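Engineer: give me a model of this one.
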Amino acid sequence: MKITRHTIISVILIFFAIFLAHTTETGFSIGDNIFRGLGISPMTNGQTGFHYPIIIYFVLFIIGCIEARRVMSRRQIIVVLLLLFITVPSAVALAKPVYYKIHNGLDTVEYDSTNTQFNIRCSEDRRYIEIIGAITLTNYGNDLLYLGIKIPSEGDIKQKWFSKDLILTGVDSSSEFILPPGQKRTILTYTKTPLINDYNGQGLMSGPKLILFTDNKTRTVGYNL
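Structural biologist: Residues are numbered from 1 along each chain as shown. You can find the predicted model right below:
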């Protein structure tokens with residue numbers, strides 16, 4: 001394969017299309033965060049709906065493939081695509097800490113919703129709901145963070161378990177959690193709230209949307225946020 005300007009342009013276009021579209025297991029996407037930085041939600045309905053930036057990524061990918069077809073054989077294009085699909089996840093993994101480090105405060109924190117879970121059950125005296133949780137957070141910044149965590153009351157959660165945002169407490173009953181700089185932590189919580197209906201049982205809640213907050217800032221985190 002001869003390295004020409006068209007070869008370089010086509011590979012760069014395809015690389016960036018895959019790079020911007022790639023989403024990690026924690027829900028991190030360089031492309032989506034660029035849209036959010038511009039004040040545009042990448043989803044048509046918050047966390048759900050149509051992911052319209054994919055149209056832009058697809059157009060870039062097609063243009064790159066068309067450019068590649070001018071200077072490469074089909075076999076060469078397939079090899080290039082395989083190499084790019086293999087290397088892009090590693091490239092995003094390297095770019096992710098850099099992305100978070102250019103921010104400060106709560107914006108340096110990554111929430112791993114795939115490794116976060118809550119067990120919700122009725123207390124033995126049937127007066128309270130007990131929420132036992134394990135929340136995975138990573139502080140990519142250089143500052144020690146003190147923060148609170150809430151489960152927002154919305155949708156089924158509001159109807160079934162609690163009527164307002166629930167401030168979580170740790171196993172030591174403290175509502176303030178510490179995130180050391182450059183560390184990943186699994187925070188254990190135990191919270192009780194009065195029973196608001198005749199619910200009598202238990203359930204699991206995996207990776208819900210959460211609200212992180214300090215004295216001067218609030219940030220909502222979750223998959224596709």
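Engineer: what mean pLDDT does whichever strand or helix holds Gln117 have?
Structural biologist: Element membership for Gln117, per DSSP states H and E: strand 109-122. Strand 109-122 shows a mean pLDDT of 92.
Engineer: next SSE after it?
Structural biologist: Trace forward from strand 109-122 with DSSP H and E and the next one is strand 128-139.
Engineer: what's the offset of that following strand from the middle of its chain?
Structural biologist: 16 Å (C-alpha atoms, centre = their mean, to the nearest Å).
Engineer: and the angle from that strand to strand 109-122?
Structural biologist: 170 degrees (axes from the mean of the first three to the mean of the last three C-alpha atoms, to 10 degrees).
Engineer: contacts for strand 128-139?
Structural biologist: 108-112, 115-123, 145, 149, 151, 161-162, 166, 168, 179-195, 199, 210 (C-beta atoms under 8 Å, 6 or more residues apart in numbering). Where you see a C-beta, it was placed from the backbone N, CA and C, and this is true even at glycine.
Engineer: ok, 7 Å please
Structural biologist: Contact with strand 128-139 is made by 108-112, 115-123, 145, 149, 161-162, 166, 168, 179-195, as judged by C-beta atoms under 7 Å, 6 or more residues apart in numbering.
Engineer: tell me what the top helix by length along the chain is packed against?
Structural biologist: In the chain, with assignment by DSSP state H, the single longest helix is helix 74-101. Other helices and strands packing on helix 74-101, by 3 or more C-beta pairs under 7 Å, 6 or more residues apart in numbering; DSSP states H and E, are helix 5-21, helix 30-37, helix 53-71.
Engineer: okay, angle between the last one and helix 74-101 too, please.
Structural biologist: Here helix 53-71 points in a direction 140 degrees away from that of helix 74-101 (the same axes, to 10 degrees).
Engineer: report the rounded mean pLDDT for helix 53-71.
Structural biologist: Per-residue scores along helix 53-71 average to 90.
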